[in-house]
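S.K.: Build me a model:
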Amino acid sequence: MTDHPRHGTSIIILSFIAAFMLTAMPLPDWAQPWRPVWPAMVLVYWCMALPERVGVGVAWCLGLLLDVQQGTLLGQNALGFTLIAFITLTLYQRLRVCSLAKQALMVAFLLLIYLLISLWIRTMVGYPPRQWTYWMPALTSMLLWPWLFIIMRDLRRKYRVS
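M.R.: Next comes the predicted model:
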């Protein structure tokens, strides 16, 4: 009995590239604080859908790439993404059976943890945020989660990513 080759690696990579492109897309000044954390949302999806393929190592690499893209302290996003991936991998079986609304709440919780870690690191190096809108990406990501989940699930099924 032979193993089937893993299908859809290119879809996984392209979804992360799209998330990074959405992160780099310019927004008006008033909308900047509301930008969803696209790479983290896509990471949570793939950790739930394919925990054996997308895990802590992928999260660390994605975080480092986001650090380079955003010009933040190297390892800041990597640490947050790694913790998000670990929690998602620990709970993925429970998350899969939850409704989209409950999943969205969990995504908000995960992103609040990520933002808290980033806040801690930024404060330690002397750059704390000065506005309450620092926490808004968790809210916008939560509101967009059902649509992202449905789009990603349909892509995964269409291209038989396994």
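
S.K.: contacting residues around the closest residue to Gly63 other than its chain neighbours?
M.R.: Once flanking residues are discounted, Gly63 sits nearest to Ala78: 3.0 Å by CB to CB, 6 or more residues apart in numbering. Bear in mind the C-beta positions are built from the backbone N, C-alpha and C, glycine included. Applying CB atoms under 8 Å, 6 or more residues apart in numbering, we find Ala78 in contact with Ala59, Trp60, Cys61, Leu62, Gly63, Leu64, Leu66, Asp67.

S.K.: Which element, helix or strand, includes the second one?
M.R.: For Trp60, the element it lies in under DSSP states H and E is helix 56-70.

S.K.: swap in Ala101?
M.R.: helix 100-124.

S.K.: How far does that helix sit from its chain's centre?
M.R.: 10 Å (CA atoms, centre = their mean, to the nearest Å).

S.K.: rewinding a little: what's the helix holding Trp60 in contact with?
M.R.: So helix 56-70 is contacted by 16, 20, 23-24, 39, 43, 46-47, 72-82, 84-86, 89 (CB under 8 Å, 6+ apart).

S.K.: picking up where we left off before, return the set of buried residues in the helix or strand hosting the residue nearest to Gly63.
M.R.: Under the criterion of DSSP H and E, Ala78 resides in helix 76-97. Neighbour-count burial for helix 76-97 flags 76-85, 87-89, 95 (criterion: 16 or more other CB atoms under 10 Å).

S.K.: Assign the residue nearest the centre of the chain to helix, strand or coil.
M.R.: Nearest residue to the geometric centre of the chain (CA atoms, centre = their mean): Ala40, 1.0 Å. Of the three states, Ala40 takes helix according to DSSP: H, G, I helix; E, B strand; the rest coil.

S.K.: wait, doesn't it sit right on Tyr114?
M.R.: Yes. The criterion here is CB atoms under 8 Å, and Ala40 meets it with Tyr114 at 5.9 Å.

S.K.: Need the overlap of contacts for those two.
M.R.: The contact lists of Ala40 and Tyr114 share Gly80, Phe81, Ile84, where a contact means CB under 8 Å, 6+ apart.
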